[in-house]
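Participant: Provide a 3D model corresponding to the input given below.
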Amino acid sequence: MNLANQLFLAGDIGGTKTALAIFSTEQGVRQPIAATTFPSNRYASLEEMVKEFLADKHLRVTRASLGVAGPVQKERAQITNLPWVVDARILSQTLGGVPVRLLNDLVAIAHAIPFLESSDLETLEEGAAGKHSPMAVIAPGTGLGEAYLIWDGNRYLPLPSEGGHVDFAPTNPTELELLTYLQARLEHVSYERVCSGKGIPNLYAFLKDTGRFAEPEWLRAEIASAQDVTRIILQSAVEGKADICVETLKFFVSILGSEAGNLALKILATGGVYLAGGIPPRILPQLKETNFIDSFTRKGRFENWLAQVPVYVIVNPGIALVGAACHGLEGAHDHD
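Facilitator: Numbers count the residues shown, from 1 in each chain. All right, here's what the predicted structure looks like:
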């Protein structure tokens, strides 16, 4: 088949929703030929969903690239928050034997980084990007995802990381007290425990239980009946409805800035640090305050070096699907 005519399937498979789309090598990764978002929990398997998606399309895809919310091992992935195991070989059979590749969702986002447009981004720090320099991705969503990219001489190569699970390192007396508080309650205190959707209730509980801030009665009632406590805390913080929520968000932003700076140092990310995931676009005004960049750069002798690192927020909510499509397009070129 001529490269210009190749069609490929891309997907962003998550615990709540799954986006599937067909792209062509001719139209590129910004203009899908067909796209649908499905509620994940209504389907027994990804194969069932893919069959439904393709049933009325009468299009033959030549390959598939799918970003999945969970670790990928030997072309299999257990989806976080879903009773699915996605197996590339089984999915390949469903698609008539075409090659299928699974990517961790953070690696999928990393594939999109070199192709981002200005409309996809908000700038937190202009910095001075080095040409072909390493780039980092840090994504607080339900958990804390991290990935990075290095230049291989021809193009950027995205690489996975489980950096969100490293030990939380306090940078001031309050954070030290937070660590002690959480160590009494958790087996391991990682950055994900304090810097993610799962972690925000831990920050809130610490501020409440140590008597730093009172919990208003109306908020206690809302939290008691909420399915998603993090959403209540963030919404109340952004709207300025409760001091304890405002302070929880400030705490979160400071810790996120610190860990983003750690990641930048570890891979010398002079190409830029990109904040992805569901939370950063919702708290842009708070990220643009000095709290984030101060924590990002406060690394002693490397403060001036970090001040030159560009920092961006990815505001395109479909970026993981774009990244999976970028991976599929690379595959089409590689096999032309």
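
Participant: what about Leu186, which SS state?
Facilitator: Assigned state for Leu186: coil (three-state reduction, DSSP: H, G, I helix; E, B strand; the rest coil).

Participant: and the residue lying closest to it once chain neighbours are set aside, how many neighbours?
Facilitator: Counting by Cβ to Cβ, 6 or more residues apart in numbering, Arg193 is the residue found nearest to Leu186 once chain neighbours are left out, at 6.2 Å. The C-beta positions use only the backbone N, C-alpha and C, and glycine is treated the same way. For Arg193, the count of nearby residues is 22 (other Cβ atoms under 10 Å).

Participant: any idea how far Arg193 is from Ile200?
Facilitator: 10 Å (Cβ to Cβ, to the nearest Å).

Participant: cool, and Pro114?
Facilitator: 31 Å.

Participant: Compare the two (neighbour count), which wins?
Facilitator: Ile200 (25 against 14).

Participant: Now do the same for that one: its pLDDT.
Facilitator: Ile200 carries a pLDDT value of 98.

Participant: same check, this time on His111
Facilitator: 96.

Participant: Next: the one 4 residues further on.
Facilitator: pLDDT for Phe115: 93.

Participant: burial count for Gly28?
Facilitator: 13.

Participant: sec struct for it, please.
Facilitator: coil.

Participant: repeat for Leu9
Facilitator: Recorded secondary structure, Leu9: strand (three-state DSSP).

Participant: shouldn't it be in contact with Val61?
Facilitator: Yes: using Cβ atoms under 8 Å, Leu9 is in contact with Val61, at 4.5 Å.

Participant: of the two, who's got more company?
Facilitator: Higher neighbour count among Leu9 and Val61: Leu9, with 26 against 21, using other Cβ under 10 Å.

Participant: Beta-bridge partners for that one, please?
Facilitator: Under DSSP bridges, the beta-bridge partners of Leu9 are Ile22, Ala64.

Participant: ok, now how distant is it from Arg63?
Facilitator: 7 Å.

Participant: Was I right to think Leu275 contacts Val311?
Facilitator: Yes: counting by Cβ under 8 Å, Leu275 does reach Val311; the two are 7.3 Å apart.

Participant: any shared contact partners between the two?
Facilitator: Leu124, Ala260 (Cβ atoms under 8 Å, 6 or more residues apart in numbering).

Participant: Low-confidence ranges, this structure, go.
Facilitator: 1-5, 331-336 (pLDDT under 70).

Participant: what kind of secondary structure is Phe38 in?
Facilitator: strand.

Participant: residues shared between the contacts of Leu9 and Val61?
Facilitator: Joint contacts of Leu9 and Val61 (Cβ under 8 Å, 6+ apart) are Ile22, Leu54, Leu95.

Participant: Please list only the buried members of the residues you listed.
Facilitator: Buried subset of the shared contacts of Leu9 and Val61 (neighbour count, 16 or more other Cβ atoms under 10 Å): Ile22, Leu54, Leu95.

Participant: The second one looks like it's in a strand, true?
Facilitator: No: the assignment for Leu54 (three-state DSSP) gives helix, which keeps it out of a strand.

Participant: Tell me the one of the shared contacts of Leu9 and Val61 nearest Ala108?
Facilitator: Distance to Ala108 across the shared contacts of Leu9 and Val61 (Cβ to Cβ) is lowest for Ile22, with 16.5 Å.

Participant: Could you check how far the closest one is from His132?
Facilitator: Relative to His132, and taking Cβ to Cβ, Ile22 is found at 32 Å.

Participant: and what of Val68?
Facilitator: Distance from Val68 to His132, by Cβ to Cβ: 29 Å.

Participant: Neighbour count: the two, which is higher?
Facilitator: Val68 (28 against 14).

Participant: That one and Gly15 touch, don't they?
Facilitator: No: Val68 is beyond contact range of Gly15, at 10.1 Å (criterion: Cβ under 8 Å).

Participant: Quickly list what's touching both of those two.
Facilitator: Ile79.

Participant: How about residues contacting stretch 229-240?
Facilitator: 197-198, 200-201, 204, 219, 222-223, 226, 241-242, 245-246, 248-249, 279, 282-283, 285-286.

Participant: Could you rerun that using 10 Å?
Facilitator: Applying Cβ atoms under 10 Å, 6 or more residues apart in numbering, the external contacts of stretch 229-240 come out as 142, 196-201, 203-205, 216, 218-219, 222-223, 225-226, 228, 241-250, 252-253, 278-279, 282-286.
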